[in-house]
Each structure stands twice: as structure tokens, then as C-alpha cells.
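Asks: Starting from these lines, generate the structure:
(2 chains)
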Amino acid sequence: DAKTTQPPSMDCAEGRAANLPCNHSTISGNEYVYWYRQIHSQGPQYIIHGLKNNETNEMASLIITEDRKSSTLILPHATLRDTAVYYCIVRGSWTSGTYKYIFGTGTRLKVLA
Amino acid sequence: DTEVTQTPKHLVMGMTNKKSLKCEQHMGHRAMYWYKQKAKKPPELMFVYSYEKLSINESVPSRFSPECPNSSLLNLHLHALQPEDSALYLCASSLDRTYEQYFGPGTRLTVT
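Replies: Residues are numbered from 1 along each chain as shown, chains lettered A, B, ... in the order given. The predicted model follows:
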């Protein structure tokens, strides 16, 4: 199963776009990339996922490079409430009748007023 | 109802106690999960239930005993825990094993 690498921390000014990178250079062709965030002492919150194509929803956009070795989560207009730890996850291969989430170590995003 | 609920929010227990954590969802999800999260670390998978049957046990010590009485409810029974078992215990559910997981708020467990 692929591993993910993320920068440990980032700052972003309120109202600006936050671009969170993730490296998953060993990802295989059928492994999806998921993003979750965890606000202090709460459960992780699903944001978005994708396989090959770029994806957008009401929370964020996900840009996956053509070789699929890295991706970027974009929060278009960061607010103070977006301050959280963001996890890039590769959904691993089908094992024992399920898919496992392979969590990265997370990026602690701080949105500054 | 679009959430996963967990009770209790906080639990303090001694090493000789028996306690249980409860997780509930009413979204019709057929896969449910237990994770353990230590401070400043990502969650670690413990157990996966699919259609009320245990499909994955990530070599978790037997002092943790999961139970899935029905499709909406997941329990984690705790017995003879160690202080190093103190952590945030997270429950998650998904429509089935191929869909995204939705997490509950967690139970913060302290073993004294």
C-alpha cells in the first residue's frame, strides 16, 4: 500500500486560497486519494476524494497530477474555521474484504486573521 | 440523521475495570470501524465490521473486544486495560466498504 508525505504545518491568511500538498509517489493505479480534516479533539471530517481527474465540491478542490504521484487540496477562501489538521489518505488495496485508509501524518493548517 | 454518535464523550477507568464504548449511526451504513488515535498522531485502524460481521482485526490485544449487535450499533468492550491504552477512540461508518467513511466525535479514554 502506498504511503503519503505531507508538510507538518502551514499558515494561510484568511480569505486567501490554502493549497495543501501531498506526495504519494508509490500509489498504484486503482488506489484513491482521500482528504479529511480534524479540528481539535473532534472526529475527522470527510472533504473530498479522487482517482485520476480533478474534483471539486462545495468544500474544496482536489488536483491530482497526471502521473498521480502527488495531489493538492485547495480551500479557495480560507476562514478561521478551516484551522485544523488535514490528512491526505490513500485508500489501500482490497484486503481481507475491505479497503483500509493509509493515513499520512497530516498538515496542521493555521488560518491567520 | 446524518451523523455518527459516540458515548460516552469521556471515560476514566482503572486497570481492573470493565467498561464499554458505544457507537451508533442511522444512515443505513453497513460498514463500521473502530480507530485508536494517540495525541498528535493519525488514527490507527483497529476493527472493521461489514454487514455485522467482523472482517478485519488489526492484531488488537484481546483486552479490546468489539461487538456489532445490529447494523446501527457498534460496541467496544474494554477489560484490564493498560495506561498506554489511553487515547481517543473513534468510530466510523460507511455505506459499504467501498465508500467514504464518516467519523464520530470520539471517546477520550483515560486509563489510571
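Asks: Identify the residues contacting the worst-scoring helix or strand of chain A on mean pLDDT?
Replies: Among the secondary structure pieces of chain A, namely its helices and strands, strand A:101-103 has the lowest mean (mean pLDDT, DSSP states H and E), a mean of 85. Taking Cβ atoms under 8 Å, 6 or more residues apart in numbering or on different chains as the criterion, the residues outside strand A:101-103 that touch it are A:1-4, A:34, A:87, A:89-92, B:42-45, B:101. Any C-beta I mention is one placed from the backbone N, CA and C, and that applies to glycine too.
Asks: ok, of the residues you listed, which come out buried?
Replies: Neighbour counting over those (16 or more other Cβ atoms under 10 Å in any protein chain shown) leaves A:2, A:4, A:34, A:87, A:89-92, B:42-45, B:101 as the buried ones.
Asks: Hmm, which of those is lowest in pLDDT?
Replies: Here the lowest pLDDT out of the buried ones among the contacts of strand A:101-103 sits on residue A:2, with 66.
Asks: mind listing what the residue of chain A most remote from its centre touches?
Replies: Among residues of chain A, the one most distant from the C-alpha centroid is residue A:96; the distance is 25.2 Å, by Cα atoms, centre = their mean. Residues touching residue A:96, when contacts are defined by Cβ under 8 Å, 6+ apart, comprise B:55, B:56.
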